[in-house]
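Q: give the three-dimensional model of this entry:
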Amino acid sequence: MTQELRGKLVDLAGVTAISIVVWLWAAGQTLQSRTVSFEVLIESGEPERRRVSPVEPLAVSVEIRGSRQAVISASESLAGRKLILLTGTDRIPAQVGTHDVVLMDTLSVSPAVAPLGVDIVSVTPSIARVVVEPVR
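A: Numbers count the residues shown, from 1 in each chain. From the prediction side, this is the model:
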């Protein structure tokens, strides 16, 4: 085997190895969707001044989309969990009154969901009605 042919074979093997690595990386970045179910509980951010009802958690199904790895990681992190959200944060009003909370917007900015690297496509139910009352 000549030196020139050997050099070409080494180059071909190197290009093939790099192509395989890039292909495997791209396969992991392909967008995927998955539905994850968990509970959302909205509590008062000022429990000494305000109370929130209902006090029971709300079961939600959330469709998430992102890279394969991010979707798997987010699913493992959220599935079956109870996510506690506080009034006055996460786009949940703290003012006394009845409020319809858009769960897609609220969950998208929640510190428990936002860092997971996925987009929230839909949430069922889409709205949570909460009543904020003063503590007497």
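Q: point out where the protein drops to low pLDDT.
A: Applying pLDDT under 70 to the chain flags residues 1, 27-29.
Q: ranges for the helices of it?
A: 3-29, 68-78, 103-109 (DSSP state H).
Q: which of the ones you listed sits closest to Arg51?
A: Across the helices of the chain, Arg51 has its closest neighbour in helix 103-109 (19.1 Å, Cβ to Cβ). C-betas here are computed from N, CA, C, even on glycine.
Q: hmm, who's touching that closest one?
A: Helix 103-109 is touched from outside by 40, 60, 62, 83, 85, 90-92, 113-114, 119-120, 122-123, 125-128, with contacts defined as Cβ atoms under 8 Å, 6 or more residues apart in numbering.
Q: the helices of the chain: which one's closest to Val55?
A: Proximity to Val55 (Cβ to Cβ) singles out helix 103-109 among the helices of the chain, at 17.5 Å.
Q: centre-most residue in the chain?
A: Closest to where the C-alpha atoms of the chain average out (Cα atoms, centre = their mean) is Val113, at 4.0 Å.
Q: so for Val36, which of the helices of the chain sits nearest?
A: When the helices of the chain are compared by Cβ to Cβ, helix 68-78 sits nearest Val36, at 4.9 Å.
Q: contact partners of the longest strand that the chain contains?
A: Assignment by DSSP state E gives strand 31-43 as the longest strand of the chain. Strand 31-43 is contacted from outside by 52, 56-68, 71, 74-75, 78-87, 92, 101, 103, 107, 121, 128, 130, using Cβ under 8 Å, 6+ apart.
Q: can I have the buried ones of these as a PyMOL selection?
A: A single PyMOL command is used to select the members of the contacts of strand 31-43 judged buried by 16 or more other Cβ atoms under 10 Å:
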select buried, resi 52+58+60+62+63+64+65+66+67+71+74+75+78+83+85+86+87+92+101+103+107+128+130
